[in-house]
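Asker: Kindly return the folded structure for what I paste below:
(one chain, ligands or ions: 1)
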Amino acid sequence: VLADKLRPEHIRGFAQHMAAKYDVVFVTNGTKDLKDQLRKAILKVNPQVDIDAYFARWAFTLGNLIWTPFSIEDPKELPVWPYYWQFITIAHEVHHRVQFKEHGGAPFAWDYLSNEESRGQYEYEAYRTALELYPVLMNGESLDPVLLSQSLVHYGCSPATIDFVASQLTQAKKIIQAGGTITGTSQEAVVWLADHVF
Ligand SMILES: [Zn+2]
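Answerer: Here you go, the predicted structure:
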């Protein structure tokens, strides 16, 4: 399967490609003021969280800033972060950048951070990229939408919102399996894969 062919240079190359195309910055420990901006945003949606443990485990996007708990500069495969999941996560986070631009910047950021139902809706769209890309990387296999939506508990979503996202993703999965149109972010990722990984 394509997922087994992913190498560190693919993760780095894909991240660089998406950063240039969508005008995003992958934040590292070396850019402290940028990481502080993300820290404030994470604490807004997760007031009780252990912030260092959060940075070690979860990805987060605010405006043009993307945090990933795996290195883009020196990619390594980790038990909870196989390369295919790093690849999918990069597409997911970049999709939040697309939303930020589509929904007018600051209003989107406010809506995403302050309203957990809205956040669920935006996350549904972003998780859709995972439903779209996983079969491409895994030779047609598909992800479980219910399992996928469970991560939203770490993004401050209520059980009701998570249920709603799971049902929307279940619908989306049928459309994707029937060959329906895919998001622009996934399209960009699929074209990049075809050009670079074989
Ligand atoms: Zn997200």
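Asker: neighbours around the residue lying closest to residue 60 once chain neighbours are set aside, how many?
Answerer: Ranked by C-beta to C-beta, 6 or more residues apart in numbering and with sequence neighbours excluded, the top spatial neighbour of residue 60 is residue 67, at 4.8 Å. C-betas here are computed from N, CA, C, even on glycine. Per other C-beta atoms under 10 Å, the neighbour tally for residue 67 reads 22.
Asker: I'd say residue 67 and residue 55 touch.
Answerer: Yes. Between residue 67 and residue 55 there is a contact under C-beta atoms under 8 Å: 6.7 Å.
Asker: for the residue nearest to residue 60, what are its contacts?
Answerer: 26-27, 35, 38, 55, 59-61 (C-beta atoms under 8 Å, 6 or more residues apart in numbering).
Asker: measure the residue of the chain found nearest the ion to residue 99 for me?
Answerer: Of all residues in the chain, residue 126 sits closest to the ion, with a separation of 4.2 Å (C-beta to the ion). Applying C-beta to C-beta, to the nearest Å, the value for residue 126 to residue 99 is 8 Å.
Asker: Next to the ion, which bits of the protein? Give me the list.
Answerer: 123, 126 (C-beta under 5 Å from the ion).
Asker: And the lowest-mean-pLDDT helix or strand in the chain, what's buried?
Answerer: When each helix and strand of the chain is scored by mean pLDDT, DSSP states H and E, helix 106-114 comes last, with a mean of 94. Residues of helix 106-114 classed as buried by neighbour count (16 or more other C-beta atoms under 10 Å): 108-109, 111-113.
Asker: which of those residues sit farthest apart?
Answerer: Taking every pair in these and measuring C-beta to C-beta, the maximum separation is 9.4 Å, between 108 and 113.
Asker: coming back round to it: neighbours around the residue of the chain closest to the ion, how many?
Answerer: Neighbour count for residue 126, taken as other C-beta under 10 Å: 20.
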